[in-house]
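Peer 1: here you go, sequence then predicted model.
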Amino acid sequence: MSAYGTVRGAVLAPGDDGYDAERTGFQTADPHRPEAIVVAEDAGDVRAAVEHAAGRGMPVAVQNTGHGLPLPASGGLLIATRAMTGVEIDPAARTARIEAGVRWAQVVAAAAPHGLAPLSGSSPGVGAVSYTLGGGIGLMSRRYGFAADHVRSIDAVTADARLRHVTPESDPDLFWALLGGRANFGVVTGLEIGLLPVARLYGGGLYFDADLIPEVMDAWRRWTETVPDEMTSSVALMPVPGVPAFPEPLRGRHVAHVRIAYTGDAAEGERLIAPLRAIGPRLVDTAGEMPYTDSGLIHNEPPVPMAYRATNVAVGALDGDLVRDLLDLAGPGAPDRAIVEVRHLGGAMAKPPAVPNAVGNRDAGYLVGLLSKLGPDTTGADALHGRFGGLLAARSRGQVLNFLFGANATPDQVRAAYEPETYRRLAELKAHYDPANLFRLNHNIPPAK
């Protein structure tokens, strides 16, 4: 432990108590297998860990919750940030300061008494910092843009082991690169983010049975072409396991789950979703006015860690042919069980942010995703994901970094998360801030030569 100097948190090696718990995140497939783990308690621990790794040429990976685990890191140093959980709200400035281990549920709860909310995502258990650095498609993003667009300042340890307070004024290039480039440019120990004057939403889920899925997909597709930017929605086609953990009306069925988050008044929300309700009977219908603290119920994602693989393709438009192809691939009756999700993008996400950042592919209209739960044999999932990539290849506008997990987080997939000029600039800045490619184990962008 003395080799890590002033580190206050635990330093774990393979075989130590706690090593397996720290290296394994929410995504349990192919966890990191580092040479050592530093369980950071504060920014000083992060700085000391990076200094140790840089002095020995050890590659560095970072993990909080491990929801979006990319390719597993073998060897090297893993900095675990889940113990860094500080949240400070400034209601007058409408900002929050959050440390690297904070989850969205903490920020939502701390902001709510002030009538404020963060631009959080679908799952309250996801790490707020890594989500934001990857762009962050939130529940209100068509109204307010990407979560990265609301960052005021960043605290990060760069490859030279300097703890920097990064702002658009102090370090415009590094600020730009961190917001979209994630851990390629340093270990972020904290963010200052803007909060939104949102206390309540009109939101929830409409669940339809398998026989209505084709009609739901077609109606939702046409409906998204008519709604205002205040409406953010998605639809997921899900084979629901027949186990007691799921509500009885859904258990054992293949369902379409339409997710609604509307920032206007409840009466207008009711009017806007009337065409969706008119499709037919719902197995479950939870749409209504809710406090933002209940917003995690909109997607209602399972909180239990599991092994899964996911990929995505951003597309410009969603037409009937693509919908039929997706149903053939993984709809009811398809040979492979997987979740297909389509998120409606556009609105404020298509507009340049007030302060530029490196978040890519803003011109996409929809994000089409595929998620497979994994067992010991991944052959079927591998083949299905290959077919999905081939199906979407001609329509692709690129990919979204936060939804590239596991075997899909290849160099080509990471490159596709950016426009060519953005990727080129990121590689040039990588050569400046991390020429030795110390931070190369999380969605790596190699330094330009």
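Peer 2: Good, I have the coordinates.
Peer 1: by contact count, what packs against the helix or strand containing residue 89?
Peer 2: Assessed by DSSP states H and E, residue 89 sits inside strand 87-90. In terms of contact count using 3 or more CB pairs under 8 Å, 6 or more residues apart in numbering; DSSP states H and E, strand 87-90 is assigned the packing partners strand 95-99, helix 104-111. For the C-beta atoms, the positions are set from N, CA and C on the backbone; glycine is no exception.
Peer 1: and residue 71, what's its pLDDT?
Peer 2: pLDDT for residue 71: 69.
Peer 1: can you add mean pLDDT, distance to residue 329 and mean neighbour count and give the helices and strands packed on strand 87-90 back as JSON lines?
Peer 2: What follows is those, written out as JSON lines (pLDDT from 0 to 100; distance: least, CB to CB, whole Å; neighbours: other CB atoms under 10 Å):
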{"stretch": "strand 95-99", "mean pLDDT": "98", "distance to residue 329": "38", "mean neighbour count": "23"}
{"stretch": "helix 104-111", "mean pLDDT": "98", "distance to residue 329": "31", "mean neighbour count": "20"}
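Peer 1: tell me which of those sits nearest to residue 172.
Peer 2: Proximity to residue 172 (CB to CB) singles out strand 95-99 among the helices and strands packed on strand 87-90, at 19.8 Å.
Peer 1: so what strands line up beside the closest one?
Peer 2: strand 87-90 (antiparallel), strand 187-194 (antiparallel) (DSSP bridges).
Peer 1: I'd like the ones you listed as CSV, with distance to residue 264 appended.
Peer 2: Formatted as CSV, the strands paired with strand 95-99 follow (distance: least, CB to CB, whole Å):
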stretch, distance to residue 264
strand 87-90, 25
strand 187-194, 21
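Peer 1: give the helix, strand or coil label for residue 242.
Peer 2: coil (DSSP: H, G, I helix; E, B strand; the rest coil).
Peer 1: show me the contacts for the residue nearest to it when sequence neighbours are not counted.
Peer 2: Residue nearest to residue 242 in three dimensions, not counting chain neighbours: residue 252, with 3.3 Å by CB to CB, 6 or more residues apart in numbering. Listed by CB atoms under 8 Å, 6 or more residues apart in numbering, the contact set of residue 252 reads 240, 241, 242.
Peer 1: just to be sure, residue 252 is in a strand?
Peer 2: No: Residue 252 is assigned coil when assessed by three-state DSSP, not a strand.
Peer 1: let's number from 36 now, not from 1
Peer 2: All right, first residue 36 from here; so that's residue 287.
Peer 1: please report how far it lies from residue 245.
Peer 2: 11 Å (CB to CB, to the nearest Å).
Peer 1: related to what we said a few turns ago, ok, now how distant is the residue nearest to residue 277 from residue 410?
Peer 2: Distance from residue 287 to residue 410, by CB to CB: 19 Å.
Peer 1: distance check, the residue nearest the centre of the chain against residue 359.
Peer 2: By CA atoms, centre = their mean, the chain has its centre lying nearest to residue 437, at 4.0 Å. The gap separating residue 437 from residue 359 is 28 Å, by CB to CB.
Peer 1: where in the stretch 86-235 of the chain is pLDDT low?
Peer 2: 106 (pLDDT under 70).
Peer 1: quick one: the strands in it, in order.
Peer 2: 95-98, 112-115, 122-125, 130-134, 186-192, 198-201, 222-229, 235-243 (DSSP state E, counting those that start in this stretch).
Peer 1: do the same with the stretch 286-435 of the chain
Peer 2: Under DSSP E, counting those that start in this stretch, the stretch 286-435 of the chain gives strands at 289-297, 319-320, 323-326, 343-350, 374-379, 401-408, 431-433.
Peer 1: JSON lines for those strands, including distance to residue 268 and mean neighbour count?
Peer 2: Formatted as JSON lines, those follow (distance: least, CB to CB, whole Å; neighbours: other CB atoms under 10 Å):
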{"stretch": "strand 289-297", "distance to residue 268": "5", "mean neighbour count": "24"}
{"stretch": "strand 319-320", "distance to residue 268": "14", "mean neighbour count": "16"}
{"stretch": "strand 323-326", "distance to residue 268": "15", "mean neighbour count": "15"}
{"stretch": "strand 343-350", "distance to residue 268": "16", "mean neighbour count": "23"}
{"stretch": "strand 374-379", "distance to residue 268": "5", "mean neighbour count": "22"}
{"stretch": "strand 401-408", "distance to residue 268": "11", "mean neighbour count": "22"}
{"stretch": "strand 431-433", "distance to residue 268": "19", "mean neighbour count": "20"}
